[in-house]
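Participant: Got a predicted structure here, sequence first:
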Amino acid sequence: MHRLHDQLKLATIGAVLNYGITAVSFRPSWPGVEVPDSMMADPSGTLTFSPYFSDPTDLTLSELGISQTLTFDNAPYKCSLPWGSIIGFQNEDAGMMATWKPMEPQEIPKKPSLVLVP
């Protein structure tokens with residue numbers, strides 16, 4: 001987990017969601033992404049999140065990512081996007097958008113280990 005980027009995405013997307021509908025761009029191939037199978041083959045996708053959709057308590061933002069039950073072809077689907085999968089957002093009501101450089105899962109920095117040499 002790239003903690004600083006994750007915290008920035010959580011704070012930024014969390015703030016703009018207060019203005020309403022927010023389009024979030026993501027990479028379906030990222031581990032842990034839960035979206036309908038029809039979206040998995042594309043290199044990128046966009047989902048629309050909002051606290052004003054049916055059940056506002058269904059929208060969840062946590063240190064792991066964002067999730068909400070969305071509707072596809074009149075059927076509900078619980079979508080989950082880990083922060084690492086998110087590459088941007090746009091909220092027209094807030095007049096804000098951002099993009100982040102996509103990372104590959106193997107690029108996620110590891111904690112450095114300390115080796116003592118006599």
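Facilitator: Nice, thanks for sending it over.
Participant: Show me the strands in the chain, by range?
Facilitator: Under the criterion DSSP state E, the chain carries strands at the ranges 22-26, 45-49, 60-61, 65-72, 75-82, 86-91, 96-99.
Participant: Lowest mean pLDDT across the ones you listed, which one is that?
Facilitator: Across the strands of the chain, strand 96-99 has the smallest mean pLDDT, namely a mean of 90.
Participant: partners of that one in the sheet?
Facilitator: strand 86-91 (antiparallel) (DSSP bridges).
Participant: Dump the C-alpha coordinates for the partner strand into CSV.
Facilitator: C-alpha atoms of strand 86-91 as CSV (Å, rounded to 0.1, in the frame of the first residue of the first chain):
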residue,chain,number,x,y,z
ILE,A,86,-7.8,4.8,-8.6
ILE,A,87,-6.2,7.0,-11.2
GLY,A,88,-8.5,10.1,-11.1
PHE,A,89,-11.8,11.7,-10.3
GLN,A,90,-14.0,14.5,-11.6
ASN,A,91,-16.8,16.3,-9.7
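Participant: tilt between it and strand 22-26?
Facilitator: 160 degrees (axes from the mean of the first three to the mean of the last three C-alpha atoms, to 10 degrees).
Participant: related to what we said a few turns ago, select, out of the strands of the chain, the one closest to Ser38.
Facilitator: Between Ser38 and the strands of the chain, the tightest spacing by C-beta to C-beta is seen for strand 65-72, at 7.5 Å. (Glycine included, C-beta is placed from N, CA and C.)
Participant: Nothing else from me, thank you.
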